[in-house]
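Colleague: Just need the structure, nothing else, for what follows:
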Amino acid sequence: MENNFIKITNVAYGVLEFFPDGEPLKNKAKEKVLAILENATLIFDDNGWLSLKKYLLPEREKTMMQLLDDIEILERYFALAKNQNYISDINFLILTKEYNKIKNSINIRGLIKINEKVSLVTGALNTPSVISHKKPDRIDMQSVINEKKYSERQDPPSDKLLARQRKILDILGQRN
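Modeller: Numbers count the residues shown, from 1 in each chain. The predicted model follows:
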């Protein structure tokens, strides 16, 4: 997948070369393209033990969120450039489609744990204590962690897709 990141970075750089010299948007977009390449490499690198070490980093979720934010900002830069007639509609669509693929792969592979945490908090907010305007009970995160088996906390997520994830991919595939 890293080869795809290099390809999209080269394409983005090629498109950015058509921006007028001295245009601040050109430099800002180049910085975002490089930041996306850097963060995507940190998240998706598959080089054995090094990859496992990066998977266990406490800042991995922060890196994923930063990557998603950078992609959103870059897409806004490209939309602005399209409105300024710096890039064509076709180039805009190709670039946004490729960067959306990166976002989707992050959502499928990496943010599953974040979604679990969000559902825990959402579940706690939907308890009767919140509806009756009482303070919600505190969630003891240590007990939530202890409920999971040791191997579930330590092993990286497998590449096997759940039925729900396959269905989402099928729907997205039909739209494209």
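
Colleague: and for the strand or helix carrying K7, what are the contacting residues?
Modeller: Assigned by DSSP states H and E, K7 belongs to helix 2-16. Helix 2-16 has contacts (C-beta atoms under 8 Å, 6 or more residues apart in numbering) with 26, 29-30, 33-34, 36-37, 40-41, 44-46, 74, 87, 91, 94-95, 98-99, 102. In short, each C-beta sits where N, CA and C put it, glycine included.

Colleague: Buried only: go through those residues for me.
Modeller: Buried members of these, counted by 16 or more other C-beta atoms under 10 Å: 26, 29-30, 33, 36-37, 40, 44, 74, 87, 91, 94-95, 99, 102.

Colleague: Pull stretch 85-96 out as CSV, backbone CA atoms only.
Modeller: Output of stretch 85-96 as CSV, limited to C-alpha atoms (Å, rounded to 0.1, in the frame of the first residue of the first chain):
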residue,chain,number,x,y,z
ASN,A,85,-9.2,27.2,-12.3
TYR,A,86,-5.7,26.0,-11.2
ILE,A,87,-6.7,22.4,-11.7
SER,A,88,-9.2,20.7,-13.9
ASP,A,89,-12.4,19.0,-12.7
ILE,A,90,-11.0,15.6,-13.7
ASN,A,91,-7.8,16.1,-11.8
PHE,A,92,-9.8,17.2,-8.8
LEU,A,93,-12.0,14.1,-8.9
ILE,A,94,-9.1,11.8,-9.3
LEU,A,95,-7.2,13.3,-6.4
THR,A,96,-10.2,13.4,-4.1
